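In: give me the fold of what follows.
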Amino acid sequence: MPLADFFTSGLPDSKPAPPTTGNAHSKVATPSKAPPPPPPTSEMLVTVSMETPEIILIEDQMDPASNSLLLSMGVEFRMRVTPETQDMSASVNSLQIASAIFNEREKRRAQILNPCDISFYSKTPQGKSPHMDISTSDLILNISPRTIRTVTLITANLSKQEEAENDKEKQKVPADLWNTKKLSERKFWFLKDASAEELPVIDLFPSDITLDEIERGEQGPSEMLIIKVPNIVVKLEGGVGKRTVPLLIAETSFDAQVRDWSSKLEVESNMRLEVAFYNEKLSVWESLVEPVVENGKMKKWDLGLQITKNDELAPEDDEEDEDSKNIVLPPPKMSINVRSNDPMEVTVTKTCLEVLNNLAKAFGDAYRLVAPAEEAGKILSPYVIYNNTGLPVVLKLDNAFEMPPEVKNGKVTLETDQSLPLYGRQKAVLKRQASVIKATQEGDEKKFIFQIEQFGATREVTIKRSERRLYPVNHKTYPGDTWAVVCSIEAPIGQKILHLRSIVQMRNHLPNAVELFSRHGQDVKSCGVIEPGEKFNVPLSDVYTPDGYFLLKPKDSGCEMSQTPFSWRGAENSPKVYLSCKFNDGSDYVICVRSEVINVYFDETEELSAKTYLFHLSPSIVFHNLLNIPVTFLLEGMASEVSLGKGENKPLLHAMPGHSHIEVKIPAYQDLEWHGTQLLSTEFPELSMWTFSALFKGPQKISLILGLHCKENEGCLDMSIYSPYWMVNKTGMTLYYKGSDSDDVIEHSPDHQEVAFFSFKPKTCLGGKKKV
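Out: Below you'll find the predicted structure:
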């Protein structure tokens, strides 16, 4: 049985009260004030205690492996009534909310609301108004997309029954909906006579209270409510799998006083606010709402609120002419004053916008119940170390880590291409009244020592922020190279990933996998295979060769190894080279190799004096069809044409810039076949024109001018064919287009629903004013 149905099925049906009949102009009777109850003559004491009940809400009641929300608390209530006073006190102890998988809730839980206490106290002297006090301990909320998804599913399951009943009620149509009714029988507010109305008179004070007592403040309403919340911390978390980390923290404190809410309401409240977001690249917290500096000390930004309810006074009668400008308006019913003595400084950076955008997407997907990309049960460790050096590495971990089971004598041996997940030791819980944002500013540094036993080199690495550092090791080879290991630290959401690698990397942008070879004199050795879209770390032994040469060979393409090598030593002098790999039929597979020199920190210094090299392997040219009709192209050296649909692109793997020609054909435009030929080159301007021609009525040739956009993208040239203007004829008449720089006329018949391409001549289209 659904939970909502269980609680609501036994309730009686609520029926609306029958309408009362009466004259719309009848006077409103003034309610008589009931005499106050006599004071009690004896004492009464009520005590209620409830010890830590646990309330569980489940996403899917039929699936024990679904997520659930767990709420637990202790409740105590005490009321004491005497002839002189009435005292009430209530407290909620250890109130906490957690999220867990239902059948594993005893093993692992994620805190949503950290344990907190809420207390309430009220004292009401006999014959006087109550004074109440509400206070709490620190309230710390941890909100993640997983929490929002769980709450959304639980709410959806609980509200199914209510929605079904509402749908049934909406379908009911009154039987007399279309019957004619008299206005006199309807009680519309706009038909009432305002002059005949008499407002009720409500006595705010008992009849036995004198005016002198009210003026002295001895009697009358003087209610007071004091609210104090010393610290409220809201953490918006992001992450993958079951591990999340705070990305946005809002820390505030709040206090308020509410007086005389039954008569002349007065509210005074004060809120102090500070907001910070997490910069993953630097692993630091940066302020979004800046704190205020006062007398050399930092404090939260302060915001005050005052609400005052004024007496309802009728406007004074103005005996002067109606056109007089001296109009006296009554005071407002309520005055609200929001103030701050300090300016609110909000710092928004590019990183801040990225964090807010990521959080908005994650929480939006969770609310819309979009399935997460990561596996629900996958647990990611906060630290992972990868060994991509090509040599075994020995790690000695800091005491800040939990020692993995592989540890022997305080050391872990990490073979090549292996990884080691690590967890940090649990820290002490944050003390109350401490600033969470200030605590996060202290940083979380962890250290480990890596050693290459083959060379006896030992280096200490500090894990603090996202960075790359080069550590030299005690080994030299010809021609005087000192071997070095790069420690690259990445900080995606919820993790810090460390790669120990060489100074040379390869990234494959080709559609085929590529095998990398290193040349040692006359010998050639395979370094590994670079999959499409992947990055490959070259082993140390293949980097520090006498000449540093590499060769490439596309996998599963039936072509040979490249004859021309490239070297990381000359990467700064030759940023781009083209390598040709021969097919069996004599055609070429052309690979563009573009080098990128990246400056990194040297050892423990703060200077970017070391260099690493990243080589991008990409096709020389990628051809894009930005027309709304398909085209075909034939590249020099290819045996057959290649079709390219609208909006599609293909890499020209056989194109050697400066030597290859390409012929593009538009087979179905205005019932003609158009041809255009270009010499492929990397020296194309960004914007140019391409002229196509077709045979019209025998030997007569007509031309079509289209645009050509060229842009370099990571060493690859993106070449796009497009039309500057698309003409759509919806007039039902034949249109003729003629540019101001040409005598050619383009006919656009209404029978042709396709778009007509139009362009000016190259000199006019690429600059100056144009008329058509």
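
In: and the residue nearest to L679 when sequence neighbours are not counted, how far from L634?
Out: Once flanking residues are discounted, L679 sits nearest to H661: 5.5 Å by CB to CB, 6 or more residues apart in numbering. C-beta: built from backbone N, CA, C; applies to glycine. Distance, H661 to L634, by CB to CB, to the nearest Å: 9 Å.

In: mind checking which of these two has more residues around it?
Out: Using other CB atoms under 10 Å, the more surrounded residue of H661 and L634 is L634, with 16 against 13.

In: so who does that one touch?
Out: By CB atoms under 8 Å, 6 or more residues apart in numbering, the residues touching L634 are 640-642, 662-663, 665.

In: tell me which element it falls in.
Out: strand 631-635 (DSSP states H and E).

In: partners of that strand, with directions?
Out: According to DSSP bridges, strand 631-635 has the following sheet partners: strand 642-644 (antiparallel), strand 661-669 (antiparallel).

In: gap between it and the chain center?
Out: 42 Å (CA atoms, centre = their mean, to the nearest Å).

In: CA atoms only: put that strand into CSV for me.
Out: Extracted in CSV, the C-alpha atoms of strand 631-635 (Å, rounded to 0.1, in the frame of the first residue of the first chain):
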residue,chain,number,x,y,z
VAL,A,631,27.9,17.6,-52.1
THR,A,632,30.5,15.2,-53.3
PHE,A,633,34.3,15.7,-53.5
LEU,A,634,37.2,13.9,-55.2
LEU,A,635,40.6,14.4,-53.8
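
In: in the helix or strand containing F536, what's buried?
Out: Assigned by DSSP H and E, F536 belongs to strand 535-537. For strand 535-537, the neighbour count (16 or more other CB atoms under 10 Å) marks 536-537 as buried.

In: after that strand, next one along is what?
Out: For strand 535-537, the succeeding helix or strand toward the C-terminus, using DSSP H and E, is helix 540-543.

In: what's next to that next one, contact-wise?
Out: Contacts of helix 540-543 (CB under 8 Å, 6+ apart): 389-391, 483, 485, 502-504, 518, 525, 527, 568.

In: just say helix, strand or coil for L356.
Out: helix (DSSP: H, G, I helix; E, B strand; the rest coil).

In: that one: neighbouring residues, count only.
Out: Around L356 there are 16 other residues, counting by other CB under 10 Å.

In: same deal with G304?
Out: G304: 13 neighbours (other CB under 10 Å).

In: please name the bridge partners of the closest residue to A571 other than its chain neighbours.
Out: Among residues not flanking A571 along the chain, S595 sits closest, at 3.7 Å (CB to CB, 6+ apart). Bridge pairing for S595 (DSSP bridges) gives the partners F615.

In: any idea how far S595 is from Q505?
Out: When S595 is compared with Q505 (using CB to CB), they lie 11 Å apart.

In: of the contacts of L634, which is the nearest to P130?
Out: P130 has its nearest neighbour among the contacts of L634 in V642, at 85.1 Å by CB to CB.

In: wait, that closest one touches P630, no?
Out: No - using CB atoms under 8 Å, V642 is not in contact with P630, being 11.0 Å away.

In: restricted to strands, list the contacts of helix 540-543.
Out: 483, 485, 504, 518, 525, 527 (DSSP state E).

In: number of nearby residues for the last one?
Out: It refers to C527. 21.

In: what does the third one give?
Out: By the other CB under 10 Å criterion, the neighbourhood of V504 contains 25 residues.

In: how confident was the prediction at it?
Out: pLDDT, V504: 95.

In: give the contact list for it.
Out: Per CB under 8 Å, 6+ apart, neighbours of V504: 537-538, 543, 568, 612-613, 615.

In: and for the first one?
Out: W483 makes contact with 455, 472-473, 475-477, 540, 544 under the criterion CB under 8 Å, 6+ apart.

In: what about it, distance to N388?
Out: Distance, W483 to N388, by CB to CB: 15 Å.

In: what do S595 and Q505 both touch?
Out: 613-615.

In: ok, and the most crowded of these?
Out: With neighbours taken as other CB under 10 Å, the top of these is F615, carrying 24 neighbours.

In: my guess is that one contacts I591. True?
Out: No - under the criterion of CB under 8 Å, F615 is not in contact with I591, lying 10.4 Å apart.

In: and stretch 753-764, how far from the chain's centre?
Out: 42 Å.

In: G304 and S135: what is the separation?
Out: Taking CB to CB, one finds G304 at 20 Å from S135.

In: er, H661 I mean
Out: For H661, the distance to S135 (CB to CB) stands at 83 Å.

In: same check on W178?
Out: According to CB to CB, W178 and S135 sit 60 Å apart.

In: neighbour count winner among those two?
Out: Higher neighbour count among W178 and S135: S135, with 16 against 7, using other CB under 10 Å.

In: so that one, which state does it fall into?
Out: With three-state DSSP as the criterion, S135 reads strand.

In: try A366
Out: Looking at A366 with three-state DSSP, the answer is helix.

In: where do the helices of the stretch 101-250 of the chain begin and end?
Out: Ranges of helices within the stretch 101-250 of the chain are 145-158, 160-171, 211-216, based on DSSP state H, counting those that start in this stretch.

In: worst average pLDDT in those?
Out: Mean pLDDT is lowest for helix 211-216 among these, at a mean of 51.

In: and the strands in the stretch 301-450 of the chain?
Out: Here the stretch 301-450 of the chain has its strands, by DSSP state E, counting those that start in this stretch, at 301-309, 334-339, 383-387, 393-397, 401-402, 411-414, 419-424, 446-452.

In: having no further points to raise, I will conclude here.
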